[in-house]
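In: Below is the sequence, then the predicted model.
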Amino acid sequence: MGFYYTFTDWDGISSHAKWSGLDNLRKILTDDERFWTSFWFTLRFTLVAVIATNLVAFGLAMLLNQALKTKKVLRTVIFLPNVIGGLLLGYIWYFIFVRGFAAIGESTGIELFNLAWLGTKETAFWGIVIVFVWQSAGYMMVIYVAALVSVPKDLLEAAKIDGASSGQMLRSIIVPMIMPAVTICLFLTTSNAFKMFDLNLSLTGGGPGYATESIALNIYREALTYSHYGLGTAKAMIFFIGVALITVTQVLLTKKKEVEV
(Lines give C-alpha, C1' and ligand atoms only; values in the text may rest on other atoms or scores of the structure.)
Protein backbone atom coordinates (compact mmCIF):
# COMPACT_ATOMS: atom_id res chain seq x y z
CA MET A 1 0.00 0.00 0.00
CA GLY A 2 2.88 2.33 0.77
CA PHE A 3 4.31 1.71 -2.67
CA TYR A 4 0.92 2.55 -4.20
CA TYR A 5 0.49 5.77 -2.18
CA THR A 6 3.93 6.90 -3.38
CA PHE A 7 2.30 7.62 -6.75
CA THR A 8 -0.79 9.40 -5.39
CA ASP A 9 -1.74 12.82 -4.11
CA TRP A 10 -3.49 11.47 -0.99
CA ASP A 11 -3.94 13.63 2.11
CA GLY A 12 -4.25 10.67 4.49
CA ILE A 13 -7.88 11.53 5.34
CA SER A 14 -10.12 11.31 2.27
CA SER A 15 -11.39 7.93 1.07
CA HIS A 16 -10.06 8.44 -2.45
CA ALA A 17 -6.40 8.76 -3.41
CA LYS A 18 -5.82 10.67 -6.65
CA TRP A 19 -3.19 9.10 -8.93
CA SER A 20 -0.34 11.54 -9.60
CA GLY A 21 2.27 9.32 -11.24
CA LEU A 22 5.84 10.46 -10.72
CA ASP A 23 4.92 13.95 -9.46
CA ASN A 24 5.92 13.18 -5.85
CA LEU A 25 9.30 11.76 -6.83
CA ARG A 26 9.90 14.67 -9.23
CA LYS A 27 9.09 17.17 -6.49
CA ILE A 28 11.41 15.47 -3.99
CA LEU A 29 14.32 15.27 -6.44
CA THR A 30 14.06 18.81 -7.82
CA ASP A 31 12.08 21.03 -5.48
CA ASP A 32 12.39 19.81 -1.86
CA GLU A 33 15.47 21.45 -0.39
CA ARG A 34 14.33 20.69 3.15
CA PHE A 35 14.26 16.94 2.48
CA TRP A 36 17.83 16.99 1.15
CA THR A 37 18.96 19.07 4.13
CA SER A 38 17.47 16.35 6.34
CA PHE A 39 19.10 13.67 4.19
CA TRP A 40 22.60 15.12 4.50
CA PHE A 41 22.14 15.75 8.23
CA THR A 42 21.04 12.13 8.73
CA LEU A 43 23.94 10.81 6.65
CA ARG A 44 26.50 12.88 8.58
CA PHE A 45 24.90 12.00 11.90
CA THR A 46 24.88 8.28 11.05
CA LEU A 47 28.55 8.28 10.05
CA VAL A 48 29.69 10.04 13.24
CA ALA A 49 27.29 8.21 15.58
CA VAL A 50 28.13 4.72 14.24
CA ILE A 51 31.89 5.25 14.56
CA ALA A 52 31.66 6.88 17.99
CA THR A 53 29.19 4.34 19.41
CA ASN A 54 31.22 1.33 18.31
CA LEU A 55 34.53 2.78 19.48
CA VAL A 56 33.09 3.61 22.91
CA ALA A 57 31.30 0.25 23.16
CA PHE A 58 34.40 -1.72 22.15
CA GLY A 59 36.59 0.28 24.55
CA LEU A 60 34.18 -0.37 27.43
CA ALA A 61 33.97 -4.07 26.51
CA MET A 62 37.77 -4.38 26.54
CA LEU A 63 37.91 -2.63 29.91
CA LEU A 64 35.14 -4.69 31.48
CA ASN A 65 36.60 -7.91 30.12
CA GLN A 66 39.47 -7.47 32.54
CA ALA A 67 39.56 -9.00 36.03
CA LEU A 68 37.67 -6.19 37.80
CA LYS A 69 35.71 -6.88 40.98
CA THR A 70 32.95 -4.44 40.02
CA LYS A 71 32.68 -5.36 36.32
CA LYS A 72 29.19 -6.91 36.66
CA VAL A 73 27.86 -3.79 38.37
CA LEU A 74 29.55 -1.54 35.82
CA ARG A 75 28.09 -3.53 32.91
CA THR A 76 24.60 -3.09 34.38
CA VAL A 77 25.06 0.64 34.96
CA ILE A 78 26.42 1.23 31.44
CA PHE A 79 23.59 -0.83 29.90
CA LEU A 80 20.81 1.02 31.79
CA PRO A 81 20.45 4.02 29.40
CA ASN A 82 19.37 1.59 26.68
CA VAL A 83 16.36 0.62 28.79
CA ILE A 84 15.06 4.19 29.03
CA GLY A 85 12.62 5.20 26.30
CA GLY A 86 13.97 7.56 23.64
CA LEU A 87 11.50 10.40 24.27
CA LEU A 88 12.02 10.31 28.03
CA LEU A 89 15.78 10.13 27.56
CA GLY A 90 15.63 13.09 25.19
CA TYR A 91 13.70 15.24 27.64
CA ILE A 92 16.09 14.31 30.46
CA TRP A 93 19.07 15.38 28.36
CA TYR A 94 17.23 18.49 27.20
CA PHE A 95 17.04 19.54 30.86
CA ILE A 96 20.74 18.66 31.32
CA PHE A 97 21.84 20.69 28.28
CA VAL A 98 19.63 23.72 28.99
CA ARG A 99 19.58 23.92 32.79
CA GLY A 100 22.26 21.56 34.12
CA PHE A 101 25.13 22.69 31.91
CA ALA A 102 24.15 26.34 32.34
CA ALA A 103 24.29 26.01 36.14
CA ILE A 104 27.69 24.27 36.01
CA GLY A 105 29.03 26.85 33.57
CA GLU A 106 27.82 29.73 35.73
CA SER A 107 29.45 28.33 38.86
CA THR A 108 32.73 27.16 37.29
CA GLY A 109 33.18 29.52 34.35
CA ILE A 110 34.13 26.62 32.05
CA GLU A 111 33.30 27.72 28.49
CA LEU A 112 32.24 24.21 27.41
CA PHE A 113 29.22 24.32 29.73
CA ASN A 114 28.28 27.86 28.69
CA LEU A 115 27.73 26.87 25.06
CA ALA A 116 24.19 27.02 23.68
CA TRP A 117 24.23 23.25 23.21
CA LEU A 118 20.84 23.02 21.52
CA GLY A 119 20.80 26.55 20.15
CA THR A 120 23.22 26.41 17.22
CA LYS A 121 23.52 24.09 14.24
CA GLU A 122 26.87 22.55 15.16
CA THR A 123 26.40 22.23 18.92
CA ALA A 124 22.90 20.77 18.46
CA PHE A 125 24.36 18.16 16.09
CA TRP A 126 26.94 17.11 18.67
CA GLY A 127 24.34 17.20 21.42
CA ILE A 128 22.24 14.59 19.59
CA VAL A 129 25.36 12.51 18.89
CA ILE A 130 26.32 12.53 22.59
CA VAL A 131 22.88 11.35 23.71
CA PHE A 132 22.69 8.68 20.97
CA VAL A 133 26.10 7.29 21.91
CA TRP A 134 25.22 7.39 25.62
CA GLN A 135 22.04 5.43 24.95
CA SER A 136 23.39 2.91 22.41
CA ALA A 137 26.91 2.11 23.64
CA GLY A 138 25.72 -0.10 26.52
CA TYR A 139 23.81 -2.48 24.29
CA MET A 140 26.68 -2.78 21.81
CA MET A 141 29.09 -3.26 24.72
CA VAL A 142 27.18 -6.39 25.80
CA ILE A 143 27.56 -7.86 22.28
CA TYR A 144 31.27 -7.06 22.22
CA VAL A 145 31.78 -8.53 25.71
CA ALA A 146 30.11 -11.79 24.62
CA ALA A 147 32.41 -11.91 21.58
CA LEU A 148 35.56 -11.16 23.59
CA VAL A 149 34.77 -13.92 26.06
CA SER A 150 34.68 -16.42 23.19
CA VAL A 151 38.20 -15.55 21.94
CA PRO A 152 40.40 -18.60 22.73
CA LYS A 153 42.69 -17.82 25.68
CA ASP A 154 45.37 -20.27 24.51
CA LEU A 155 45.64 -18.35 21.23
CA LEU A 156 46.31 -15.10 23.09
CA GLU A 157 48.79 -16.80 25.43
CA ALA A 158 50.66 -18.31 22.49
CA ALA A 159 50.87 -14.90 20.81
CA LYS A 160 52.15 -13.33 24.04
CA ILE A 161 54.82 -16.04 24.41
CA ASP A 162 55.90 -15.36 20.82
CA GLY A 163 56.45 -11.71 21.78
CA ALA A 164 53.34 -10.09 20.31
CA SER A 165 52.48 -6.69 21.80
CA SER A 166 48.99 -5.75 23.01
CA GLY A 167 48.42 -3.71 19.85
CA GLN A 168 49.49 -6.58 17.61
CA MET A 169 47.20 -9.04 19.43
CA LEU A 170 44.33 -6.59 19.16
CA ARG A 171 44.87 -6.00 15.43
CA SER A 172 45.79 -9.53 14.33
CA ILE A 173 43.85 -11.79 16.71
CA ILE A 174 41.10 -10.11 18.73
CA VAL A 175 39.48 -7.94 16.03
CA PRO A 176 39.44 -10.68 13.34
CA MET A 177 38.03 -13.17 15.87
CA ILE A 178 35.15 -10.89 16.89
CA MET A 179 34.21 -9.72 13.38
CA PRO A 180 30.75 -11.39 13.59
CA ALA A 181 30.01 -9.12 16.57
CA VAL A 182 31.40 -6.12 14.65
CA THR A 183 29.06 -6.96 11.76
CA ILE A 184 26.05 -7.10 14.09
CA CYS A 185 26.95 -3.92 15.99
CA LEU A 186 27.63 -1.92 12.83
CA PHE A 187 24.34 -3.08 11.34
CA LEU A 188 22.33 -2.22 14.47
CA THR A 189 23.93 1.18 15.03
CA THR A 190 23.65 2.10 11.35
CA SER A 191 19.95 1.21 11.14
CA ASN A 192 19.18 2.86 14.51
CA ALA A 193 21.02 6.05 13.56
CA PHE A 194 19.20 6.30 10.22
CA LYS A 195 15.84 5.73 11.94
CA MET A 196 16.56 8.19 14.77
CA PHE A 197 13.32 10.02 15.53
CA ASP A 198 12.46 10.25 19.22
CA LEU A 199 15.75 11.82 20.33
CA ASN A 200 15.54 14.29 17.45
CA LEU A 201 11.98 15.27 18.35
CA SER A 202 12.56 15.68 22.09
CA LEU A 203 16.01 17.31 22.01
CA THR A 204 15.87 19.85 19.17
CA GLY A 205 12.60 19.30 17.29
CA GLY A 206 14.74 19.56 14.16
CA GLY A 207 15.99 23.01 15.08
CA PRO A 208 17.41 25.54 15.01
CA GLY A 209 15.29 26.03 11.91
CA TYR A 210 15.52 22.69 10.11
CA ALA A 211 19.27 22.27 10.58
CA THR A 212 19.03 19.09 12.70
CA GLU A 213 15.84 17.59 11.26
CA SER A 214 16.34 13.87 10.56
CA ILE A 215 14.74 12.15 7.57
CA ALA A 216 12.40 10.23 9.87
CA LEU A 217 11.15 13.47 11.45
CA ASN A 218 10.86 15.11 8.03
CA ILE A 219 8.74 12.21 6.73
CA TYR A 220 6.56 12.27 9.85
CA ARG A 221 5.85 15.97 9.49
CA GLU A 222 5.23 15.77 5.75
CA ALA A 223 2.69 12.96 6.08
CA LEU A 224 1.02 13.54 9.45
CA THR A 225 1.51 17.24 10.21
CA TYR A 226 1.04 18.75 6.75
CA SER A 227 -1.33 15.95 5.54
CA HIS A 228 0.78 15.28 2.42
CA TYR A 229 0.53 11.54 2.89
CA GLY A 230 1.41 10.62 -0.69
CA LEU A 231 4.50 12.83 -0.67
CA GLY A 232 5.50 11.57 2.77
CA THR A 233 5.16 7.96 1.63
CA ALA A 234 7.32 8.69 -1.43
CA LYS A 235 10.02 10.06 0.88
CA ALA A 236 9.68 6.97 3.07
CA MET A 237 10.18 4.72 0.04
CA ILE A 238 13.35 6.59 -0.98
CA PHE A 239 14.52 6.38 2.63
CA PHE A 240 13.82 2.63 2.76
CA ILE A 241 15.73 1.91 -0.43
CA GLY A 242 18.69 4.06 0.67
CA VAL A 243 18.95 2.45 4.12
CA ALA A 244 18.58 -1.04 2.63
CA LEU A 245 21.41 -0.45 0.15
CA ILE A 246 23.75 1.00 2.78
CA THR A 247 23.11 -1.68 5.43
CA VAL A 248 23.31 -4.59 2.97
CA THR A 249 26.60 -3.22 1.61
CA GLN A 250 27.97 -2.84 5.14
CA VAL A 251 27.00 -6.41 6.09
CA LEU A 252 28.55 -7.86 2.92
CA LEU A 253 31.81 -5.95 3.44
CA THR A 254 32.20 -6.91 7.11
CA LYS A 255 31.16 -10.52 6.46
CA LYS A 256 34.18 -10.87 4.18
CA LYS A 257 36.44 -9.93 7.12
CA GLU A 258 35.11 -12.71 9.36
CA VAL A 259 37.35 -15.70 10.07
CA GLU A 260 36.48 -19.25 11.10
CA VAL A 261 38.08 -20.91 14.09
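Out: Yep, it's here. Numbers count the residues shown, from 1 in each chain.

In: buried set for whichever strand or helix holds residue 46?
Out: According to DSSP states H and E, residue 46 maps onto helix 33-64. Buried residues in helix 33-64, counted by 16 or more other Cβ atoms under 10 Å: 35, 37-39, 41-42, 45-46, 48-50, 52-54, 56-58, 60-61, 64. Yep, even glycine has a C-beta here, placed from its N, CA and C like the rest.

In: cool, and stretch 218-229?
Out: Neighbour-count burial for stretch 218-229 [16+ other Cβ under 10 Å]: 218, 219, 220, 221, 222, 223, 228, 229.

In: quick check, nearest of those to residue 235?
Out: Nearest to residue 235 among the buried residues of stretch 218-229: residue 219, at 4.8 Å, using Cβ to Cβ.

In: so what's the closest one up against?
Out: Residue 219 makes contact with 232, 235, 236, 239, according to Cβ atoms under 8 Å, 6 or more residues apart in numbering.

In: Which two of the residues you listed have the greatest separation?
Out: Largest separation among these by Cβ to Cβ: 232 and 239, giving 10.2 Å.

In: between those two, who's got more neighbours?
Out: Shown here are residue 232 and residue 239; by other Cβ atoms under 10 Å, residue 232 has more neighbours (25 against 20).

In: Mind telling me what element the more buried one is part of?
Out: Counting by DSSP H and E, residue 232 is part of helix 229-255.

In: and the angle for that helix with helix 33-64?
Out: In terms of direction (axes from the mean of the first three to the mean of the last three Cα atoms, to 10 degrees), helix 229-255 departs from helix 33-64 by 30 degrees.

In: Quick check: buried residues in helix 229-255?
Out: For helix 229-255, by 16+ other Cβ under 10 Å, it's 229-239, 243, 247, 250, 254.

In: Which elements pack onto that helix?
Out: Where contact means 3 or more Cβ pairs under 8 Å, 6 or more residues apart in numbering; DSSP states H and E, helix 229-255 is packed against helix 2-5, helix 23-31, helix 179-194, helix 215-220.

In: which residues make contact with the third one from outside it?
Out: Think helix 179-194. The contact list for helix 179-194 (Cβ under 8 Å, 6+ apart) reads 42, 45-46, 49-50, 53-54, 57, 132, 136, 139-140, 143-144, 146-147, 175, 215-216, 239, 243, 246-247, 250-251, 254-255, 257-259.

In: One more pass at 7 Å, please.
Out: The contact list for helix 179-194 (Cβ atoms under 7 Å, 6 or more residues apart in numbering) reads 42, 45-46, 49-50, 53-54, 57, 132, 136, 140, 143-144, 147, 243, 246-247, 250-251, 254-255, 257-259.

In: low pLDDT regions in this structure?
Out: Scanning the chain with the threshold set as pLDDT under 70 gives 259-261.

In: let's go with 50 and repeat that
Out: Scanning the chain for pLDDT under 50 picks out 261.

In: in the stretch 51-200 of the chain, which spans are helices?
Out: Along the stretch 51-200 of the chain, the stretches classed as helices by DSSP state H, counting those that start in this stretch are 71-79, 86-95, 101-108, 111-114, 121-149, 153-161, 166-169, 175-177, 179-194, 198-203.

In: Mean neighbour count and distance to residue 17 for these - can I get that in a markdown table?
Out: Below are the helices of the stretch 51-200 of the chain laid out as a markdown table (neighbours: other Cβ atoms under 10 Å; distance: least, Cβ to Cβ, whole Å):
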| stretch | mean neighbour count | distance to residue 17 |
| --- | --- | --- |
| helix 71-79 | 14 | 45 |
| helix 86-95 | 17 | 31 |
| helix 101-108 | 14 | 48 |
| helix 111-114 | 12 | 51 |
| helix 121-149 | 20 | 35 |
| helix 153-161 | 11 | 61 |
| helix 166-169 | 12 | 60 |
| helix 175-177 | 16 | 51 |
| helix 179-194 | 20 | 27 |
| helix 198-203 | 22 | 27 |
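
In: Understood, closing this out.
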